[in-house]
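In: missing the sequence, but the structure's below:
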């Protein structure tokens, strides 16, 4: 885990997730439908290859294998939720969920994952035009990189929880909290301690959970 934990690729979202007013409910449905029509990324391994390039040469082979394992597990997890591979909203939600787990050192509530995916799809729909212009290579790289980043952070928390007294466990705990904080801040533009998860997705803890 130490080989790859500092090489995570982070995707920035430009706006903080906020409340949606009740009168915008119909607009949200339309946006979600538009997001669902965005082209799906083809999972060809391009994103994993880009991540591997960031590693020192002597670590590249082990890093590539770890990235591939993380990505394959991500794909297994989303299938259990009935979600499609290649959906950028799914990948963003996975990255946020993994970062939340790593920062808070606790499991992500299963019942909040699909709502988080739907929320991210809604956010993406407001940038539908620019996303439509992404090349197939860009969509693949973004999807795979985000999926890997989220799963590595999630796996770090699971590993720690299984044996919190193992050698190196305290170092892992501190490292994953730092990386989780960085990811949440970059993606949501709010301090990590203010990121809450609820039945409608992510929200600021300055607000009431929904």
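Out: Arrived safely. What you are looking at is a predicted structure, and each value in this text was computed from that prediction instead of being measured. Numbering: from 1, shown residues only.
In: residue 88 contacts residue 47, correct?
Out: No - applying C-beta atoms under 8 Å as the test, residue 88 and residue 47 come out as separate, 11.7 Å apart. Any C-beta I mention is one placed from the backbone N, CA and C, and that applies to glycine too.
In: higher neighbour count, those two?
Out: Comparing residue 88 with residue 47 by other C-beta atoms under 10 Å, the one with more neighbours is residue 47, at 27 against 23.
In: measure the more buried one to residue 54 for me?
Out: 12 Å (C-beta to C-beta, to the nearest Å).
In: find the nearest non-adjacent residue to the most centrally placed residue in the chain, please.
Out: The C-alpha lying nearest the average C-alpha coordinate of the chain belongs to residue 95 (C-alpha atoms, centre = their mean; 1.1 Å). If the residues on either side of it in the chain are set aside, residue 95 comes closest to residue 150, at 3.8 Å by C-beta to C-beta, 6 or more residues apart in numbering.
In: return every residue with contacts to both of residue 88 and residue 47.
Out: Residues within reach of residue 88 and of residue 47 at once, by C-beta atoms under 8 Å, 6 or more residues apart in numbering, are 142, 143.
In: longest helix in this structure, by number of residues?
Out: The longest helix of the chain (DSSP state H) is helix 136-162.
In: helices or strands next to it in the packing?
Out: helix 46-53, helix 60-80, helix 88-104, helix 169-188 (3 or more C-beta pairs under 8 Å, 6 or more residues apart in numbering; DSSP states H and E).
In: in the last one, which residues are buried?
Out: Of the residues in helix 169-188, those with enough neighbours to count as buried (16 or more other C-beta atoms under 10 Å) are 172-173, 175-177, 179-185, 187-188.
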